[in-house]
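**Student:** Below: sequence and its predicted model.
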Amino acid sequence: MTARLELPKNKELPQDVAERLDALPAINVYRMIANAPSCLIPWTDMVKGLYESKVDIRYREIAILRQAFIAKSDYELHQHRFIAKSNGITEEEIKTICSTGKVTALNEIENAICDMAEQLESTAQLSDETASALKSHFSEQEVAELIILTSFYCCVARVLNATKVEIESNNPLAGQDSPN
């Protein structure tokens, strides 16, 4: 796969954008976003905010993995497998989350998170049944955070798939518990 956009060099970018890139893990998605320099800092601030949410990191990564699988976003799946493993999600659980058909082999909460992620990615809607399941396990804040997180990563998948960002050969997120 050949990327559709070249990754800009720091010297081609505004100083604040180059400095932000230098402060982040060296992942190609961030450098590709820097092709639109005014978007990089708000984008990475959003990622930071999502990773500071009240929702348990395990649940966040389950949502991202399921959404990325449904979106067929190879780059997103590749990176979030590392983050998921760093946050206690096993390879067997990742295989379950990233399988075709409805996810039913996890616990009730995690199955509901997979339903939410699949629905938001595939229809941009959330069924009343799934919303009720989430509300029975999470506070209003946590439900909002899960929906916002998953919706943001739907955007991430579209950007990655459209630009064909290449997967790094050195796995910069291996051992990391977040993309920031």
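**Tutor:** Okay, I see it.
**Student:** residue boundaries of the helices in the protein?
**Tutor:** For the chain, the helices defined by DSSP state H occupy 15-23, 28-33, 37-51, 57-71, 74-86, 91-97, 108-123, 128-137, 140-163.
**Student:** Thr96 reaches Thr104, doesn't it?
**Tutor:** No. Between Thr96 and Thr104 there is no contact under Cβ atoms under 8 Å: 9.0 Å. (C-beta placed from N, C-alpha, C; glycine too.)
**Student:** what about those two, which has more around it?
**Tutor:** Thr96 (20 against 10; other Cβ atoms under 10 Å).
**Student:** So, low pLDDT: which residues of this structure?
**Tutor:** For the chain, applying pLDDT under 70 flags the ranges 1.
**Student:** redo that, cut-off 80
**Tutor:** Applying pLDDT under 80 to the chain flags the ranges 1, 173-176.
**Student:** Can you tell me the number of residues neighbouring Ser136?
**Tutor:** Neighbours of Ser136 (other Cβ under 10 Å): 10.
**Student:** quick one: it and Gln125, what's the gap?
**Tutor:** From Ser136 over to Gln125 the distance is 19 Å, taken as Cβ to Cβ, to the nearest Å.
**Student:** And for Lys85?
**Tutor:** Distance from Lys85 to Gln125, counting by Cβ to Cβ: 31 Å.
**Student:** do the same with Thr150
**Tutor:** Thr150 is 12 Å from Gln125, by Cβ to Cβ.
**Student:** neighbour-wise, which of those two wins?
**Tutor:** Neighbours per residue (other Cβ under 10 Å) separate Thr150 from Gln125, with Thr150 holding more: 23 against 8.
**Student:** was I right about that one contacting Glu118?
**Tutor:** No. The pair Thr150 / Glu118 is not scored as a contact, 9.6 Å apart, by Cβ under 8 Å.
**Student:** what touches both of the two?
**Tutor:** Contact criterion Cβ atoms under 8 Å, 6 or more residues apart in numbering; residues shared by Thr150 and Glu118: Gln67.
**Student:** Since that was my last question, I'll sign off now.
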